[in-house]
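Participant: prediction below, plus the sequence it came from.
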Amino acid sequence: MEPDAGADTCRVAGDLRGDQGEPGLSVAGARALLGRVGVRSGDVRVSLVKRHNHVWRIGTPGGAYFVKAWTKDWYDWADALTTGALNADHEAAAYQLLAARGLAVPEVVAVDQTAGNPLGRPLLVTRELAGSPFPEALAQAGDAGERHALVRAVVAYQARMHGIVMAAPGYFGRQGPFGGDWEHGFQSARAYYRAMEIWWRADEEAGADPELVAAARASAGRMRPRVEVALGGWPLLDVAGIAFDLSHPRFGGYRWWRPWFEGYGEPDIDLFRLVLLSTGSGAARRDTMLRRLLAGGTWDELLDVSALHPGGGRAARRR
């Protein structure tokens, strides 16, 4: 993102698939958003953090804020305004739920479920936290003892979060569960397997090895009687998401799952494999990943760097 020299704006460059085009947050728009919550600042800097979903960082002398808008092009259950409104409510509710149970969360300073704002779409504004994201902090840790301490701190938080029992499965907002018959892919076994079938077809269309895709399908099919999922309550989805971040060459082959499971408990390895099989990208990488995940019989084999990040195993071992 490049500032417009001589103008009091800073807009995002690029294209966004969809009818609404690429959203942009100007400096004037950022000031207006902050002004709604009583933050006044003449020195405002806006930078794009990520796309799909879009996140901007607003820097001020008194602290920084993040603005999030829901812009992924795979939403298929409502128009952009309705989808964004529900997502804004859902994320605000998640922070509210965690805080009510004594867990530290980012401060939500604004929730707008309408298009009546500088972005023209629903948004969420949070205050920036101090410190570093977990993977970055782990990469900068000086020794194994420091890494173990970081992992134990995160797993303690995650275990408390996963200990929360929801009254019902599915998406929820600040006023309770959302109505309607729409199901997220992680909300029920039926929806999860429906989403997986879309993934297998995408693998086939991308040129992945048909025998590997068939083997992955068969493995997933054998696990179906054991799968019960809910968006608010299948912890393996959170743990598996972290697995891709931490099983990375930059950590030098660090076996993070050992201290993790000491504090969290050891999940079922076959259910964990199922979640990993349905994630990833790129036909060549998927071939390598599927082959290793299907063959991995131990945690060290299943979560090896070369299994989740093909091509990274040798580099990791040289470090």
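Facilitator: Ah, there it is.
Participant: just give me the neighbour total for the nearest residue to Gly59 once chain neighbours are set aside.
Facilitator: Excluding the flanking residues, the one nearest Gly59 by Cβ to Cβ, 6 or more residues apart in numbering is Arg45, at 4.2 Å. (Each C-beta comes from the backbone N, C-alpha and C, glycine too.) Residues lying near Arg45 (other Cβ atoms under 10 Å) number 15.
Participant: Arg45 and Val67: what is the separation?
Facilitator: Between Arg45 and Val67 the distance, using Cβ to Cβ, to the nearest Å, works out to 13 Å.
Participant: shared neighbours of these two, anything?
Facilitator: Shared contacts of Arg45 and Val67, defined by Cβ atoms under 8 Å, 6 or more residues apart in numbering, comprise Ile58.
Participant: ok, back up a step: could you report the pLDDT at the residue nearest to Gly59?
Facilitator: We have a pLDDT of 96 for Arg45.
Participant: could you dump stretch 41-48 to PDB, C-alpha only?
Facilitator: Extracted in PDB, the C-alpha atoms of stretch 41-48 (Å, rounded to 0.1, in the frame of the first residue of the first chain):
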ATOM      1  CA  SER A  41      -5.600  12.000  16.800                       C
ATOM      2  CA  GLY A  42      -4.000  14.200  14.100                       C
ATOM      3  CA  ASP A  43      -1.300  11.700  13.400                       C
ATOM      4  CA  VAL A  44      -2.900   8.600  11.900                       C
ATOM      5  CA  ARG A  45      -1.200   6.000   9.700                       C
ATOM      6  CA  VAL A  46      -3.100   3.300   7.900                       C
ATOM      7  CA  SER A  47      -1.600   0.100   6.500                       C
ATOM      8  CA  LEU A  48      -3.100  -3.100   5.000                       C
END
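Participant: number the chain from 58, please
Facilitator: Happy to do that; since the first residue is 58 now, the last one works out to stretch 98-105.
Participant: run the chain-centre distance for that stretch.
Facilitator: On the basis of Cα atoms, centre = their mean, to the nearest Å, stretch 98-105 sits 26 Å off its chain's mean C-alpha point.
Participant: buried sites along it?
Facilitator: Within stretch 98-105, the residues that qualify as buried by neighbour count (16 or more other Cβ atoms under 10 Å) are 98, 101, 103, 105.
Participant: contact partners of it?
Facilitator: By Cβ under 8 Å, 6+ apart, stretch 98-105 touches 58, 67, 69, 82-84, 87-88, 91, 111-119.
Participant: mark which of those residues are buried, thanks.
Facilitator: For those, buried by 16+ other Cβ under 10 Å: 67, 69, 82-84, 87-88, 91, 111-117.
Participant: quick one: which of the residues you listed is nearest to Arg217?
Facilitator: Nearest to Arg217, judged by Cβ to Cβ, of the buried ones among the contacts of stretch 98-105 is Val112 at 25.8 Å.
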